[in-house]
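Q: Task: produce atomic coordinates for the following.
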Amino acid sequence: MAMSRREFLHTLAVAAAAGFPFEHGARAAAASRIDGFYDLHRFGNNVTLMHFTDCHAQLLPSYFREPSINLGVGDMAGRPPHLVGEALLRHFRISPGSRLAHAFTPLDYVRAARTYGKVGGFAHLATLVKKVRAQRPGALLLDGGDTWQGSATALWTRGEDMVQAALLLGVDIMTGHWEFTLGAARVRELIDKQLKGRIEFLAQNVKTADFGDPVFASWVMREINGVPVAIIGQAFPYTPIANPRYLVPDWTFGIQEDGLQKAAEEARAKGAHAVILLSHNGIDVDLKLAGRVTGIDAILGGHTHDAIPEPMLVKNGGGTTLVTNAGCNGKFLAVLDLEVKNKHVTGYQYRLLPVFANLLEPDRDMAQLIGKMRAPYEKQLAEKLAVSEGLLYRRGNFNGTFDQLILDALMEVKGAEIAFSPGFRWGTTILPNQPITLENVMDQTAITYPYTTLNEMTGATIKSVFEDVCDNLFNPDPYYQQGGDMVRVGGMRFTCDPTQKIGNRISDMTLRGKPIEAGKNYKVASWAPVAEGVSGEPIWDLVIRYLRAQKTIKPRVPNVPKLKGVDGNPGMA
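A: Okay, the predicted model is just below:
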């Protein structure tokens, strides 16, 4: 595929130029100053794909802080997506202090968030989708998954609110990951009854455990302005490992390279001029996959929540594959234009458009639907539990301040010496002096296996658990990275060297200044057990009770390990 770099650089330059400060209450003035921010340049023969992913059920605009630690190891060290802060701005030629700098980095986050406002929201996303479709008639809208989970209403309606929103938004095709945590029966019910004939759910890598039959369609052919385009779906390959296996006991997952290669070849044989993979692998996995599977023109990826302004080009035995990832939280809409000649893709133009809520009028129909879906729960969701004096966020390889708040609550309520919290990447951000509502807590905790536990663990077991989770994050082979960030840790300090091999990454474990002893038992509180049969108080009830008692939450300092071997790594701001 020919690389249309001139067109891309021109597009990026126009977008960057639009990233100037915005003052609250000045929507009309701002509109004239950002004229063209969401306009697309003409390109190719109008084969266009829109893509969003990992919105985690956020129907309303919110704040979302990008990570300040996203370390790459091995071949991925210092390469996108493992760039943060100023290193990311330099690499992608984004002006510091601009609107785009705020969208893609955590730099000067509180000031920038108050300047540029909230992001996302399905009513604002719907407006942008309609704006793109007006410029690109026939464009397809692809949903990369993690759509039906991440909020109170998605949990309480068992995904119904998000399905209705996606239908109204005009999603054409989707794949999944956290969707499966609703349980196989509910997933089948929503797909077979609500999505049928309207949204294609694709997952070439999900098979039955008994005979290996496909559970979902692998791919679909769609014609875009006369050009046949094949879309292949790839669900998160490690769903039964990262999440409870008992929720999907009769289905197998995995990367399934051979099946993907077969699907790409079958699509070409049946006349596809372009082949696209809608993936929830995570971007490092997609980059490796792109070098091993041929015949795929572009991978529209998700799972790792990486907002990458510019696609990466990966050469393979059949040519070149474009690899992208479109962020999370409803914060971005990707637009990929393809030029197709002589039955092959010959060029592209790509933009990752931030969804700034104060630059886009909410779509009336979507706003009405959201209001209707939320109405039964509004009073409960709006309960003010406490006020946060500091910034509360989640996202980053090791810990965030909201994670730290959850850890503190676990230790105090459970009477534990140490606390563990999962390395989830989803969860909205709260600015200083903003009330913490019940909905904010649910944004961090709304899962179908929310149970809290208190166990005794030996120091040796703790070390083993840490090494295992750390290997999932920092194994130099992306195919062994099974999702999520490092487990968040309260009470205990430790050192981590991501460049080492498993068994040697974790050291210097201490509790209250004393070394953790291998043979000694420690009281450890945690939540979100993946094992079947575990029960306990839901994490949200515990945190809500803690916040009501505290009333004012002092600024949290996240318990981040001492890091070795990463000096100069641009994945750390």
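Q: Over to the residue nearest to residue 234 when sequence neighbours are not counted: give its phi and psi.
A: In space, and not counting its chain neighbours, residue 234 is closest to residue 279: 4.3 Å by C-beta to C-beta, 6 or more residues apart in numbering. Placement of C-beta: from N, CA and C, glycine included. Backbone geometry at residue 279, expressed as degrees, to the nearest 10, gives phi -120, psi 140.
Q: Compute the first-to-last residue distance for stretch 294-314.
A: Using C-alpha to C-alpha, to the nearest Å, the end-to-end distance of stretch 294-314 comes to 11 Å.
Q: picking up where we left off before, counting neighbours, what do you get for the residue nearest to residue 234?
A: Residue 279 has 32 neighbouring residues, counting by other C-beta atoms under 10 Å.
Q: roughly how far apart are it and residue 472?
A: 19 Å (C-beta to C-beta, to the nearest Å).
Q: How about residue 399?
A: Noted for residue 399: a distance of 16 Å to residue 472, by C-beta to C-beta.
Q: Please apply the same query to residue 528.
A: Distance from residue 528 to residue 472, by C-beta to C-beta: 15 Å.
Q: how far out from the middle of the chain is the helix or strand hosting residue 346?
A: Here residue 346 sits within strand 344-354, counting by DSSP states H and E. What separates the centre of strand 344-354 from the centre of its chain is 21 Å, taken as C-alpha atoms, centre = their mean, to the nearest Å.
Q: by contact count, what packs against that strand?
A: If you count contacts as 3 or more C-beta pairs under 8 Å, 6 or more residues apart in numbering; DSSP states H and E, strand 344-354 packs onto helix 5-17, helix 99-104, strand 319-325, strand 332-341.
Q: again, 10 Å this time
A: Strand 344-354 sits against helix 5-17, strand 47-52, helix 99-104, helix 122-135, strand 274-279, strand 298-301, strand 319-325, strand 332-341, with contacts defined as 3 or more C-beta pairs under 10 Å, 6 or more residues apart in numbering; DSSP states H and E.
Q: who does the shortest one touch, helix- and strand-wise?
A: Contact analysis of strand 298-301 by 3+ C-beta pairs under 10 Å, 6+ apart lists strand 47-52, strand 227-234, strand 274-279, helix 283-290, strand 319-325, strand 332-341, strand 344-354 as its packing neighbours.
Q: As CSV, these with mean pLDDT and distance to residue 311 would be great.
A: Output for these, formatted as CSV (pLDDT from 0 to 100; distance: least, C-beta to C-beta, whole Å):
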stretch, mean pLDDT, distance to residue 311
strand 47-52, 97, 11
strand 227-234, 98, 17
strand 274-279, 98, 12
helix 283-290, 96, 11
strand 319-325, 97, 5
strand 332-341, 96, 8
strand 344-354, 96, 5
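Q: deepest of these, which one?
A: Mean neighbour counts were taken over the helices and strands packed on strand 298-301 using mean count of other C-beta atoms under 10 Å, and the top value, a mean of 28, falls to strand 274-279.
Q: so that one versus strand 332-341, what angle?
A: Relative orientation of strand 274-279 versus strand 332-341 (axes from the mean of the first three to the mean of the last three C-alpha atoms, to 10 degrees): 160 degrees.
Q: in its sheet, what does strand 274-279 sit against?
A: strand 227-234 (parallel), strand 298-301 (parallel) (DSSP bridges).
Q: so where is the stretch 1-150 of the chain shaky, pLDDT-wise?
A: Along the stretch 1-150 of the chain, segments meeting pLDDT under 70 span 1-35.
Q: at 50 instead, please
A: Across the stretch 1-150 of the chain, the ranges flagged by pLDDT under 50 are 2-33.
Q: Quick check: phi and psi on residue 331?
A: phi -80, psi -20.
Q: what's the burial count for it?
A: As a measure of burial, residue 331 has 31 neighbours, counting by other C-beta under 10 Å.
Q: okay, residue 399 and residue 472: which has more neighbours?
A: residue 399 (25 against 20).
Q: Helix, strand or coil: sort out that one for me.
A: Recorded secondary structure, residue 399: coil (DSSP: H, G, I helix; E, B strand; the rest coil).
Q: list the contacts for the residue lying closest to it once chain neighbours are set aside?
A: Spatial nearest neighbour of residue 399, excluding adjacent residues (C-beta to C-beta, 6+ apart): residue 558 at 3.8 Å. Residues in contact with residue 558 (C-beta atoms under 10 Å, 6 or more residues apart in numbering) are 69, 393-394, 396, 398-405, 407, 488-490.
Q: same question, residue 519
A: Here residue 519 is in contact with 458-460 (criterion: C-beta under 10 Å, 6+ apart).
Q: Return the member of those residues nearest to residue 118.
A: Comparing the contacts of residue 519 against residue 118 with C-beta to C-beta places residue 459 closest, at 43.8 Å.
Q: Now the closest one. Nearest residue, chain neighbours left out?
A: Looking at residue 459 with C-beta to C-beta, 6+ apart, the closest residue is residue 516, at 4.1 Å.
Q: right, and the helices and strands packed on strand 344-354 - which one's nearest residue 38?
A: Proximity to residue 38 (C-beta to C-beta) singles out helix 122-135 among the helices and strands packed on strand 344-354, at 5.7 Å.
Q: Mind checking what helix or strand follows that closest one in sequence?
A: That would be, after helix 122-135 and using DSSP H and E, strand 140-143.
Q: mind listing what that next one pairs with, with the direction of each?
A: strand 47-52 (parallel), strand 173-174 (parallel).
Q: so how far is the first one off the chain centroid?
A: Same thing as strand 47-52. How far strand 47-52 lies from its chain's middle: 18 Å, per C-alpha atoms, centre = their mean.
Q: The helix or strand following it vs strand 344-354, what angle?
A: Remark: after strand 47-52, the chain's next helix or strand is helix 85-92, criterion DSSP H and E. Here helix 85-92 points in a direction 150 degrees away from that of strand 344-354 (the same axes, to 10 degrees).
Q: same for the longest helix that the chain contains, what does it pack against?
A: When the chain is parsed with DSSP state H, its longest helix is helix 459-474. Counting contacts by 3+ C-beta pairs under 10 Å, 6+ apart, helix 459-474 packs against strand 418-421, strand 452-458, strand 492-496, strand 506-511, strand 521-527.
Q: For the fourth one, give me every contacting residue.
A: Read that as strand 506-511. 417-418, 459, 462-470, 486, 489, 491-497, 500, 515-518, 520, 522, 561-562, 564.
Q: Going through those, which ones are buried?
A: Neighbour counting by 16 or more other C-beta atoms under 10 Å classes 417-418, 459, 462-463, 465-467, 469-470, 486, 489, 491-494, 496-497, 500, 516, 522, 561 among the contacts of strand 506-511 as buried.
Q: Go ahead and flag the most central residue of the protein.
A: Nearest residue to the geometric centre of the chain (C-alpha atoms, centre = their mean): residue 305, 3.1 Å.
Q: Quick check: closest non-adjacent residue to residue 174.
A: Nearest non-adjacent residue to residue 174 (C-beta to C-beta, 6+ apart): residue 143, at 3.7 Å.
Q: how close does the one you found sit to residue 243?
A: Taking C-beta to C-beta, one finds residue 143 at 19 Å from residue 243.
Q: Since that was my last question, I'll sign off now.
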